[in-house]
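**Q** sequence and predicted structure are below.
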Amino acid sequence: MFESFTKTEIETGGARIVTVHGGKGPPVLLMHGNPFTHVSWHEVAPILARDFTVVCTDLRGYGDSSKPPDGENHANYSFRAMALDNVEVMAKLGFKKFAAAGHDRGARVLHRMCLDHPEKISRAAIIDIIPTHHLLNHVSRAWGLFSWHWFFMAQPFDLPERLMGADPEFYIRQKLGKGPAGLKFFAPEALAEYIRCIKNPETIHGMCEDYRATFGIDLQTDEADFKAGKKVACPVLLLWGATGGVGRNHKPLEVWKDYAADIRRGAALPCGHYVPEECPRETATELVAFFKT
C-alpha cells in the first residue's frame, strides 16, 4: 500500500503527525476516521495522485502519530487541535491553500478546519457525517443503538480503555463488522494495520479522548459558531453511504444547508459507512470531478 508515496513524520505545534504524500498537481489532503489510519485511503489516494499531490495523515492519537497529554477539558483531542495539526502539516509541505476530504472523524476535523481556517481550504469533500452539533441535538433511538461507541468511548477514564484493551482485536472486529457486509470489503493488510494500532493502549486512550472532547469542548465550540450563524464558506461536496447510518437515518443535504453556504453536490454511494473502502473507485471518481472543477 502507498508504494509510490513518501512516508514521513512532521512535527506540529502540538503533535508528531505521520504523513504520506505522493503524486503531482494541486494539493489534496485526505483525513481518516475512527478507528483507522491514513491506510483507509489506500485505494483512493493512488487514483487521486494521477492528477493531484495527495497528502494523507494519521490524526493525533491515531495510528503511529503521537499521543499528546489530554489537556484541560480534553482540548488536545478536539477537532480544533486536529485541524491545526493538519494545516501545519500542509504548510510544512509547502501548501498554503489546498483542497481536502475527510471521512467520519476526519470529516469532522475538516468541518472545523473550514470554520477556523477558511483561507486555507479551497474545496471540502465531507464524507458520511451529519454535523456534530445537529447530531448531538437530535439523538434518536435508532442512531444511539447503531452508534453506541460514541457514548461508550466518551465515558470517563478508564472504563472504556480497560474494556477495549482487554481484547482489542475482538473489539475492532465487532465494531467494524457490525454491518450486513461484515468485514469482507476491508483489504486484509489494511485490517491488520488497524488491529496492530489498536493493540497500543495509548492509541485506545487517544481515540477515547477524541470522543470525550466531542461531547464537551467540540460541542461547545460548534454551538457558539452555530448561534453566530457561522457556516463553511468554500464549495462543498457531500458523499454518504446509502445503507449506512447517515443514509438510513438522515437527509444530509437538508441538514447541511444550515452549516454550509455553498453545497455543490450531494450523492449517496452504494455502500454503508466505510465509504473509501467499500466504494473506493466511486469515491475517487466523485473527488476527482469535484477537485478538478
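**A** Nice, thanks for sending it over. Numbers count the residues shown, from 1 in each chain.
**Q** G266 belongs to a strand?
**A** Yes. Using DSSP: H, G, I helix; E, B strand; the rest coil, the assignment for G266 is a strand.
**Q** setting aside sequence neighbours, what's the nearest residue to G13?
**A** In this structure, G13 finds its nearest non-sequential neighbour in E88, 6.3 Å apart by CB to CB, 6 or more residues apart in numbering. In short, each C-beta sits where N, CA and C put it, glycine included.
**Q** so which strand or helix has that neighbour?
**A** Element membership for E88, per DSSP states H and E: helix 79-92.
**Q** could you give me the average pLDDT of whatever helix or strand comes next after that helix?
**A** With elements assigned by DSSP H and E, the helix or strand that comes after helix 79-92 is strand 98-103. In this model, strand 98-103 has a mean pLDDT of 99.
**Q** give me the helices and strands touching strand 98-103, please.
**A** Under the contact definition 3 or more CB pairs under 8 Å, 6 or more residues apart in numbering; DSSP states H and E, strand 98-103 sits against strand 27-31, helix 105-116, strand 121-127.
**Q** single out the most deeply packed of those.
**A** strand 27-31 (a mean of 27; mean count of other CB atoms under 10 Å).
**Q** that one vs strand 98-103, what angle?
**A** Strand 27-31 and strand 98-103 are oriented at 20 degrees to each other (axes from the mean of the first three to the mean of the last three CA atoms, to 10 degrees).
**Q** need the mean per-residue confidence for the helix or strand just after strand 27-31.
**A** Note on strand 27-31: by DSSP H and E, the next helix or strand toward the C-terminus is helix 44-48. For helix 44-48, the mean per-residue pLDDT is 98.
**Q** still on that earlier bit, the residue nearest to G13 contacts R16, doesn't it?
**A** No. Contact criterion CB atoms under 8 Å: E88 and R16 do not qualify, at 11.3 Å.
**Q** what's the nearest residue to the residue most central in space within the chain if we skip its chain neighbours?
**A** Nearest to the geometric centre of the chain sits G106, at 1.6 Å (CA atoms, centre = their mean). When the adjacent residues along the chain are set aside, G106 lies closest to M31, with 3.0 Å between them (CB to CB, 6+ apart).
**Q** list the contacts for the one you found?
**A** By CB atoms under 8 Å, 6 or more residues apart in numbering, the contact list for M31 reads 56-57, 59, 86, 100-103, 105-107, 109-110.
**Q** on that earlier part again, what distance separates the helix holding E88 from the centre of its chain?
**A** 13 Å (CA atoms, centre = their mean, to the nearest Å).
**Q** dump it to CSV, restricted to CA.
**A** In CSV, the C-alpha atoms belonging to helix 79-92 read as follows (Å, rounded to 0.1, in the frame of the first residue of the first chain):
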residue,chain,number,x,y,z
PHE,A,79,-11.3,18.8,16.3
ARG,A,80,-9.8,22.2,16.6
ALA,A,81,-6.4,20.8,17.7
MET,A,82,-6.6,18.1,15.0
ALA,A,83,-7.5,20.7,12.3
LEU,A,84,-4.5,22.8,13.3
ASP,A,85,-2.2,19.8,13.1
ASN,A,86,-3.2,19.2,9.5
VAL,A,87,-3.0,22.9,8.5
GLU,A,88,0.6,22.9,9.8
VAL,A,89,1.5,19.7,8.1
MET,A,90,0.3,21.1,4.8
ALA,A,91,2.2,24.4,5.4
LYS,A,92,5.4,22.4,6.1
